[in-house]
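1. With the input below, show me the fold.
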Amino acid sequence: MNEFTAAELRDADNRVRAMATPPEQLRAALHQAEGYRNFLATLTGLLTVIFVLKGQENLSKMTTGPRWWVIGLLAGAFLLLLLASWLMVSAVHERPGKKLPSGAEYLLRYERKRAATVRRMTGWARWMGLVGVLAVSAASLVTWIFPGPVS
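-> Next comes the predicted model:
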């Protein structure tokens with residue numbers, strides 16, 4: 001005996017076919033990208049607060065090597081997080097004012113291509129966000145491990 005009725009199976013089959021359509025794929029990709037964008041913004045803000053509150057107040061007190069590591073890590077993290085944020089905004093919101101030509105075939109091709117682009121941009125932004133967060137954390141650790149000469 002099957003645990004699902006024939007009507008439930010038919011309904012699920014219809015839902016799966018609907019989810020596989022280009023408009024639904026695009027909607028799902030945009031929804032995921034929006035979630036990652038919000039997560040990236042929240043995480044970046046939290047890390048900034050942690051670094052400012054727990055890190056070295058004055059990097060000039062550190063020895064030259066660790067100081068340049070901290071500066072490099074923070075600059076790299078800033079650029080990665082900036083690029084990740086730009087990718088997420090671009091994934092969620094296309095170029096302002098972009099016009100779509102009419103036509104059913106064009107629209108279906110556009111939705112399929114756009115969903116793939118959104119997924120690719122979201123994937124890149126996720127990795128950039130992760131590396132950026134790790135770089136900020138590493139910079140904070142360097143300030144704790146190598147605080148500079150004790151007066």
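2. In this protein, where is pLDDT below threshold?
-> The model of the chain has pLDDT under 70 over residues 1, 48-58, 96, 100-101, 148, 150-151.
3. Show me the strands in it, by range?
-> Remark: no strands are assigned in the chain by DSSP state E.
4. ok, which stretches of it are helices?
-> For the chain, the helices defined by DSSP state H cover 6-19, 22-54, 64-92, 104-145.
5. Next one: Q25 from G65, what distance?
-> 50 Å (C-beta to C-beta, to the nearest Å). Yep, even glycine has a C-beta here, placed from its N, CA and C like the rest.
6. Give the residue from those two that has the larger number of neighbours.
-> Set Q25 next to G65 and count neighbours by other C-beta atoms under 10 Å: Q25 wins out with 18 against 10.
7. The more buried one reaches A115, doesn't it?
-> Yes. Counting by C-beta atoms under 8 Å, Q25 does reach A115; the two are 4.3 Å apart.
8. Leaving out chain neighbours, which residue sits closest to L81?
-> G132 (4.0 Å; C-beta to C-beta, 6 or more residues apart in numbering).
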